[in-house]
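**Q** Any chance you can model this:
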Amino acid sequence: MPRKRSGARQRVVCQDVRFVEVEFPRPVQPRLVVQFSDGLSLLVENDRAVGLAAEFIVAFRSRENQCRKGGRP
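**A** A predicted model of the protein is given here:
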């Protein structure tokens, strides 16, 4: 039986692994991927999306800090 961890975070469990077909547009265009340690990933399609991604990161961190301080999630 798995142990229960103390604290707010619990380990995420993989529930499914499968193969899928993915079509890639031609030509492949480079994109920026921003990965966070908790598993969140942002895919930034082009330079026009950088501002939106930055706003999201600021809002996400603000909300995360609020939750850590005991605020409402």
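**Q** okay, now Val34: neighbour count?
**A** Counted by other C-beta atoms under 10 Å, the residues lying close to Val34 total 13. C-betas here are computed from N, CA, C, even on glycine.
**Q** residues in contact with it?
**A** Ser41, Leu42, Val44, Ala53, Ile57 (C-beta atoms under 8 Å, 6 or more residues apart in numbering).
**Q** can I get those residues in CSV with pLDDT?
**A** As requested, those are exported to CSV (pLDDT from 0 to 100):
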residue, pLDDT
Ser41, 88
Leu42, 89
Val44, 91
Ala53, 91
Ile57, 88
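**Q** From the residues you listed, list the buried ones, please.
**A** Those of the contacts of Val34 that meet the buried threshold are Leu42, Val44, by 16 or more other C-beta atoms under 10 Å.
**Q** got the contacts of Val34 as JSON lines, with secondary structure columns?
**A** Output for the contacts of Val34, formatted as JSON lines (DSSP: H, G, I helix; E, B strand; the rest coil):
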{"residue": "Ser41", "secondary structure": "strand"}
{"residue": "Leu42", "secondary structure": "strand"}
{"residue": "Val44", "secondary structure": "strand"}
{"residue": "Ala53", "secondary structure": "helix"}
{"residue": "Ile57", "secondary structure": "helix"}
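**Q** Now distance to Pro27 too, for the contacts of Val34, in a markdown table please.
**A** Shown next, in a markdown table, are the contacts of Val34 (distance: C-beta to C-beta, whole Å):
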| residue | distance to Pro27 |
| --- | --- |
| Ser41 | 23 |
| Leu42 | 23 |
| Val44 | 18 |
| Ala53 | 23 |
| Ile57 | 29 |
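**Q** between the contacts of Val34, which is closest to Val17?
**A** Distance to Val17 across the contacts of Val34 (C-beta to C-beta) is lowest for Ser41, with 17.9 Å.
**Q** Now do Ser37 against Arg9, distance only.
**A** 11 Å (C-beta to C-beta, to the nearest Å).
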